[in-house]
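> Model the structure of this input:
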Amino acid sequence: MTRLINRKPDRASRLLLGLLPFIIIVALYLITSQSRLAINPHDKLLPSFESIYHAIYQMAFVPSRRTGHYLLWNDTLSSLKLLFMGVGISALVGLIVGIINGAIPLFRAPLSPLFTAFSLIPPMAILPILFIVFGLGDLAKVMLIVIGVAPLLVRDMQLKTLSLPQEQLIKAQTLGASSWQIILRVMLPQVLPRLIEAVRLTLGSAWLFLIAAEAIAATSGLGYRIFLVRRYLDMAVILPYVVWITFLAFLMDWILKRISLRAFPWYASLNGSSNT
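You can find the predicted model right below:
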């Protein structure tokens, strides 16, 4: 008798099972929307798919009368630029400081408590401070992402470095490797795939910080647009924007996953993460 924990779906079944929850959500939305619109044709809470299509067509393919920009694509480029900058800086800081903390006790003693304390600070609580110090421009938004994400990556990379087998480090030292040779040739290749995995796990937080910052002070961006139309209760724009943000986050996660599988296939097989 095959136990439930040992039954694995094939590729087609896995795809179908993955799509099933989304199909159910769309069907429930359609049923609920039609029932509400039947009672009140002007209901804005759950607009019809026709209204959503018309709103998105206007945002994506009709230039704004005020700016001449295609608002959806302009907002997307504005948000992605800030997100890539924030996550990229965070990943670089996390990798460098995390490996150094894990590899060199003299650095770990002062830096580990510092980044642990930073990781416990609610980033949204210091957002007003960032706007005061860095102004209302893009720098404050990027710094919010860095402050919210980088300390977590530092701690993750430090723990990964400390968990490397001591036998490898002893063997490298026996063969005459210096400290920096051990860091670059033994530790770095094993920590890099974990960095990609950690960035994937923090993408949701990075998006959260970006949307929050854009909602408070911005003139473009996905978060800015959502909170701009909120005052008009325009769910025909808000809902597609939320779905679009989710799709972008999913696409970024998928790309990072493919990069990890292609560059470090041994890591996926070792950790059983080829399907996560």
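> Give me the buried stretch members for stretch 154-167, please.
154-158, 160-161, 164 (16 or more other Cβ atoms under 10 Å). Yep, even glycine has a C-beta here, placed from its N, CA and C like the rest.
> Can you pull the phi and psi angles for D253?
According to degrees, to the nearest 10, the main-chain angles of D253 amount to phi -60, psi -40.
> And the residue nearest the centre of the protein?
Closest to where the C-alpha atoms of the chain average out (Cα atoms, centre = their mean) is L203, at 1.3 Å.
> any idea how far that residue lies from V146?
14 Å (Cβ to Cβ, to the nearest Å).
> Isn't L162 up against I100?
No - applying Cβ atoms under 8 Å, one finds L162 not in contact with I100, separated by 11.9 Å.
> Which residue ranges of the stretch 151-276 of the chain form helices?
Assigned by DSSP state H, counting those that start in this stretch, the stretch 151-276 of the chain shows helices spanning 166-174, 179-182, 188-216, 222-230, 235-263, 265-271.
> who wins for proximity to M85 among the ones you listed?
Of all those, it is helix 188-216 that lies closest to M85, at 10.2 Å by Cβ to Cβ.
> as a whole number, average confidence for stretch 108-123?
The average pLDDT within stretch 108-123 is 91.
> for that stretch, which positions count as buried?
For stretch 108-123, burial by neighbour count (16+ other Cβ under 10 Å) applies to 108, 111-112, 115, 118-119, 123.
> among these, which are in helices?
108, 111-112, 115, 118-119 (DSSP state H).
> need the longest helix for the protein.
helix 71-103.
> Show me where the stretch 151-276 of the chain dips below the pLDDT cut-off.
Across the stretch 151-276 of the chain, residues meeting the criterion (pLDDT under 70) sit at 271-276.
> same thing but 90
Applying pLDDT under 90 to the stretch 151-276 of the chain flags the ranges 165-166, 168-170, 172-180, 212, 215-220, 227-236, 263-276.
> I'd say V229 and V237 touch.
Yes - in this structure, V229 is within contact of V237 by Cβ under 8 Å, at 4.8 Å.
> Would you mind telling me which of the two has more residues around it?
More crowded of V229 and V237, by other Cβ atoms under 10 Å: V237, with 23 against 17.
> The more buried one reaches R225, doesn't it?
Yes - using Cβ under 8 Å, V237 is in contact with R225, at 7.2 Å.
> And the longest helix of the chain, what does it pack against?
helix 49-61, helix 105-119, helix 138-162, helix 188-216, helix 222-230, helix 235-263 (3 or more Cβ pairs under 8 Å, 6 or more residues apart in numbering; DSSP states H and E).
> If we use 6 Å, what do you get?
With contacts taken as 3 or more Cβ pairs under 6 Å, 6 or more residues apart in numbering; DSSP states H and E, helix 71-103 sits against helix 49-61, helix 105-119, helix 138-162, helix 188-216, helix 222-230.
> Figure out which of the ones you listed is closest to L92.
helix 138-162 (8.7 Å).
> got a list of contacts for the closest one?
82, 85-86, 89-90, 93-95, 97-99, 101-103, 115, 118-119, 123, 127, 130-131, 134, 187, 191, 194, 198, 202, 205-206, 209, 213 (Cβ atoms under 6 Å, 6 or more residues apart in numbering).
> buried residues in stretch 90-102?
Here stretch 90-102 shows 90-91, 93-95, 97-102 as buried, counting by 16+ other Cβ under 10 Å.
> between those residues, which is closest to I52?
Scanning these for proximity to I52, where the rule is Cβ to Cβ, the winner is S90, at 34.0 Å.
> which ones are touching the closest one?
Neighbour list for S90: 146, 149-150, 153 [criterion: Cβ under 6 Å, 6+ apart].
> Same check on N74?
S220.
> give me the number of residues near L16?
Neighbour tally, L16, other Cβ under 10 Å: 12.
> Now for F84, how many residues are close by?
14.
> if we can go back for a sec, for Q58, state which of the contacts of S90 is nearest.
V149 (34.1 Å).
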